[in-house]
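A.B. asks: 3D model of this:
(one chain, ligands or ions: 2)
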Amino acid sequence: MRSHPPQDSAEAAVQPLAGVDATGRLRAARRIVVKIGSALLVDDRTGKTHRTWLDALTDEVALLRRRGQEVILVSSGAVAVGRRILGLTDPHHILRLEEKQAAAATGQIRLAHAWQEALAHHDITVAQVLMTLDDSENRRRYLNARKTFEQLLSLGAVPVVNENDTVTTQEIRFGDNDRLAARVAAMVSADALVLLSDIDGLYTANPRVDPTARRLDEVRAMTPEIEAMAGAAGSSMGTGGMVTKLIAARIAMDAGCAMAIAPGKGLGPLGALEAGGPCTWFVPAQEPRAARKRWIAGALKPEGALVLDAGAVRALMDGKSLLPAGVTRVDGRFQKGAAVRILDPKGRRLGVGLTNYPADEAAKLAGHRTGDIEDVLGYRGPDELVHRDDLALT
Ligand SMILES: Nc1ncnc2c1ncn2[C@@H]1O[C@H](COP(=O)(O)OP(=O)(O)O)[C@@H](O)[C@H]1O
Ligand SMILES: N[C@@H](CCC(=O)OP(=O)(O)O)C(=O)O
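C.D. replies: Ligands and ions are numbered 1, 2, ... in the order given. Predicted coordinates:
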């Protein structure tokens, strides 16, 4: 999947973030997810987006892109914009779920338009991605969403993500975009996630309640002591407070992604972060690629096996993807996206990989050249049976 040339060159230029100091982290990241809370983007009184702020942020996004960095935006604000338009204006009225969903449906279209307009000044194409919790938990949908993000980024677009509020129900909705942003960051193996907030980081206690609370510059492990510091949201528009930000931090760190909670209110918040402004960085022990391989090797139960010929074994050892031509046998019943054991010609285990094809199609493709895929299956699927990013060799 990581075949896009600009990305490969960016890849070569960056170093693992764990060893980089705080001021260098954003600059060193090749793929960055930035989450923008409603309170930053939407005026509490008018329900309109803050135009100057949005323009300043998109200037920064354009700068990151010029440097060869890839950016995904996770933008809240649909409910805050939409409730005004629908006349649900009483700030003390707590919206019922269906009112929120109606507000989101109305606001999302304006929100997407605001991003589109602001990024168009830099000739950047915007792509709207609306997701549910399901999409990040069901393996097949997860892999499909991951591929869509890869495709959008490789074509130079900036995905603008929000929860698909109109179809989610109370039980299954993320309900806060902190976690959604972390799931997206993990899904695309981002190196950095920035949560732009109304607060400049994690404090030892909620600073709005405890004036002696002190901000932490860096967190390297999510301990019970750290988790105990989190309190509820401080603003009327914010939904998550620090609790959801720490859940997000755990998801990001497990995926090898560094996460910052940084103040977003001023103009140019990403530049301020890069210049060493106040924030809290959550630093993972390993980089995204290693974290993903550990997840594939350890967390998933293989549902079948692919037996390779000697040439394919050599190709995998050289870090290449597994093409159908190198497969001599397919065992088991599995779906697209399943984990399968990768075996050498003598049946010895080489590792585990996520397959791009279900068992019946993989069996039909075994031994065929990539150019034959369309003739064999009747549609044009991926060239690789297992992509190298989805292979964990032992
Ligand atoms: N330990 C803590 N450190 C910092 N802020 C905290 C803490 N506990 C609770 N909070 C509250 O969380 C708020 C940030 O959450 P929220 O308003 O949901 O943010 P946003 O809308 O910017 O995503 C802060 O303004 C603060 O009132
Ligand atoms: N999906 C919702 C956002 C929910 C949310 O997380 O809001 P916030 O705490 O302001 O980031 C919306 O667009 O209104």
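
A.B. asks: Mind listing residues that contact stretch 47-54?
C.D. replies: Surrounding stretch 47-54, the residues in contact under the criterion CB atoms under 8 Å, 6 or more residues apart in numbering are 40-43, 77, 80-81, 83-85, 89, 110-111, 114-115, 118, 267. The way it works is simple: take the backbone N, C-alpha and C, and place the C-beta from them, glycine included.

A.B. asks: Name the nearest residue to residue 361, sequence neighbours excluded.
C.D. replies: Using CB to CB, 6 or more residues apart in numbering and skipping residues adjacent in sequence, the residue nearest residue 361 is residue 377, 5.8 Å away.

A.B. asks: following the helix or strand encompassing residue 59, which helix or strand comes up?
C.D. replies: Residue 59 is located in helix 51-66, with elements delineated by DSSP states H and E. Moving toward the C-terminus from helix 51-66, the next helix or strand (DSSP H and E) is strand 70-75.

A.B. asks: Please spell out which residues along that next one are buried.
C.D. replies: 70-75 (16 or more other CB atoms under 10 Å).

A.B. asks: try stretch 296-314
C.D. replies: When neighbours are counted by 16+ other CB under 10 Å, the buried residues of stretch 296-314 are found to be 296-297, 300, 302-309, 312-313.

A.B. asks: can you map out the strands along this structure?
C.D. replies: Assignment of strands within the chain using DSSP state E yields the ranges 31-36, 70-75, 126-131, 158-163, 192-197, 218-219, 258-263, 280-282, 304-308, 327-332, 339-343, 349-354, 391-393.

A.B. asks: now the helices for the stretch 1-150 of the chain?
C.D. replies: Counting by DSSP state H, counting those that start in this stretch, residue ranges of the helices within the stretch 1-150 of the chain are 5-13, 25-28, 38-41, 51-66, 78-85, 97-120, 133-137, 139-154.

A.B. asks: For the ones you listed, give me TSV that also has mean pLDDT.
C.D. replies: Output for the helices of the stretch 1-150 of the chain, formatted as TSV (pLDDT from 0 to 100):
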stretch	mean pLDDT
helix 5-13	33
helix 25-28	93
helix 38-41	93
helix 51-66	96
helix 78-85	95
helix 97-120	96
helix 133-137	76
helix 139-154	88
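
A.B. asks: For the ones you listed, please prepare TSV with the additional fields distance to residue 248 and mean neighbour count.
C.D. replies: Putting the helices of the stretch 1-150 of the chain into TSV (distance: least, CB to CB, whole Å; neighbours: other CB atoms under 10 Å) gives the following:
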stretch	distance to residue 248	mean neighbour count
helix 5-13	24	13
helix 25-28	16	20
helix 38-41	16	24
helix 51-66	20	17
helix 78-85	19	24
helix 97-120	20	19
helix 133-137	13	17
helix 139-154	17	17
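
A.B. asks: Out of those helices, which is closest to residue 181?
C.D. replies: helix 133-137 (11.1 Å; CB to CB).

A.B. asks: Ok, which of the strands of the chain comes nearest ligand 2?
C.D. replies: When these are compared for distance to ligand 2 using CB to the nearest ligand atom, the nearest one is strand 158-163, at 4.2 Å.

A.B. asks: The closest one and ligand 2, any residue contact?
C.D. replies: Yes: Strand 158-163 is in contact with ligand 2 by CB under 6 Å from any ligand atom, via 162-163.

A.B. asks: List the buried residues in that strand.
C.D. replies: Buried, per 16+ other CB under 10 Å, within strand 158-163: 158-163.

A.B. asks: With just CA atoms, put that strand into PDB.
C.D. replies: Coordinates of each C-alpha in strand 158-163 appear next as PDB, following Å, rounded to 0.1, in the frame of the first residue of the first chain:
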ATOM      1  CA  VAL A 158      -6.800  15.800   2.500                       C
ATOM      2  CA  PRO A 159      -9.500  13.600   4.200                       C
ATOM      3  CA  VAL A 160     -11.800  15.500   6.500                       C
ATOM      4  CA  VAL A 161     -13.300  12.900   8.900                       C
ATOM      5  CA  ASN A 162     -16.200  13.100  11.300                       C
ATOM      6  CA  GLU A 163     -18.400  10.500  13.000                       C
END
